[in-house]
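K.L.:
turn this into a structure:
(2 chains)
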Amino acid sequence: MSHMTCAEFQQQLPDLFATRDHLIAEDSPRHRHLESCGTCSALVRDLEYIAEQAALLLKPVEEEPSDKVWKKIQESIEVERGSSTKGDTLSSVTVSAKPQLNPVKV
Amino acid sequence: MTENKSVPALFKRNPPIAGEAEAIELAKAGDPEAFSRLYALHKRRVYTLCLRMLGNVSEAEDMTQEAFLHLYRKIGSFRGESAFSTWLHRLTVNLVLMHLRKKGLQLVSLEETINPSEEDAPKRDFGSRDPQLAGSVDRVALERAVALLPPGYRMVFVLHDVEGYEHNEIAVMLECSTGNSKSQLHKARLKLRELLRQPEEVVDGSVKQAAL
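P.N.:
This is a model prediction of the structure:
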């Protein structure tokens, strides 16, 4: 039965996480090392937790840009379009703070 | 990244919004109200993506402006092969990457000798017995830690763990190998683990207890 060092195990982690097979075959040296090494099992647990929390905590939360962003967009577009014409122009349009959205189930 | 087999997963990540299709067609025809509606619908997502990739408000707002100006110029080329939000998302990512390259930032190198100094690089973890992280991290702490990551690490982490891109997609975006992408992601997570386990956190120049 081959024994794996912590260094050897941790060196394989980038690929193992990417292929989701770090929970693999029970008879493998990796699994045996994970079962017997508290440091590496804590490391794997923490790294998995960080990845999960990134998706759970960060992805759903969206920040709001300040109003000046839209103002600058309007100004830039007006410059690109030349002098304003009669009728609708971008500068006359205000962005509502809360767009009327109807949730769509996918 | 533009392979057809990736499209369904990306579409699922970014479902269509009611009224968006009409706004897109009108915006293509030059309707300013329609463009305004598209801005209102997507400004948070674009801005948040920029903020997480860049780590500061000022640059994030500049790049948000750039993204929508680019959208204004390019919307005529949107053909609907992917979801509009996916198309806009990808446009934003590419603009941010171009911006970082112009700043001279080497995001990923072939030898993985990326910008972090020895001080910033994650430490190897052998034989330590620190308390577990699971269950102790809140969103604010995680956001702060992500903002402290070196740019290259942060980029891959945000693209993979937050935005859900696969390594082959990230490799195309960052012009590196999938191996590099995996390695940088791993280092980013290791660094985050270090940051989140620190007993003290410096916030606005004062030292406060971290929420750990």
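K.L.:
the helix or strand hosting A:Tyr49 - contacts with which helices or strands?
P.N.:
Assigned by DSSP states H and E, A:Tyr49 belongs to helix A:38-53. Using 3 or more CB pairs under 8 Å, 6 or more residues apart in numbering or on different chains; DSSP states H and E, the elements in contact with helix A:38-53 are helix A:6-11, helix A:13-19, helix A:29-36, helix B:178-197. In short, each C-beta sits where N, CA and C put it, glycine included.
K.L.:
right, so of those, which gets closest to A:Gly82?
P.N.:
helix B:178-197 (44.1 Å; CB to CB).
K.L.:
and the closest one with helix A:38-53, angle?
P.N.:
Interaxial angle, helix B:178-197 versus helix A:38-53 (axes from the mean of the first three to the mean of the last three CA atoms, to 10 degrees): 100 degrees.
K.L.:
tell me where the model's unsure across chain A.
P.N.:
Within chain A, the stretches with pLDDT under 70 are A:1-2, A:20-25, A:83-106.
K.L.:
er, chain B actually
P.N.:
B:1-16, B:105-131, B:199-212.
K.L.:
biggest helix in it by residues?
P.N.:
helix B:32-54 (DSSP state H).
K.L.:
ok, then the element right after that one?
P.N.:
Counting by DSSP H and E, the next helix or strand C-terminal to helix B:32-54 is helix B:57-74.
K.L.:
ok, and for that following helix, which residues are buried?
P.N.:
B:59-72 (16 or more other CB atoms under 10 Å in any protein chain shown).
K.L.:
can you tell if that helix touches chain A?
P.N.:
Yes - interface with chain A: helix B:57-74 contributes B:Ala60, B:Glu61, B:Thr64, B:Gln65, B:Phe68, B:Leu69, B:Tyr72 (CB under 8 Å from any CB of the partner chain).
K.L.:
list of residues touching that helix?
P.N.:
Contacts to helix B:57-74, defined as CB atoms under 8 Å, 6 or more residues apart in numbering or on different chains, come from residues A:65-66, A:68-69, A:72-73, A:76-77, B:35, B:38-39, B:43, B:46-47, B:50-51, B:54, B:88, B:91-92, B:95-96, B:99.
K.L.:
return a PyMOL selection command for the buried portion of the residues you listed.
P.N.:
This is the PyMOL syntax for the buried subset of the contacts of helix B:57-74, where burial follows 16+ other CB under 10 Å:
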select buried, (chain A and resi 65+69+72+73+76+77) or (chain B and resi 35+38+39+43+46+47+50+51+54+88+91+92+95+96+99)
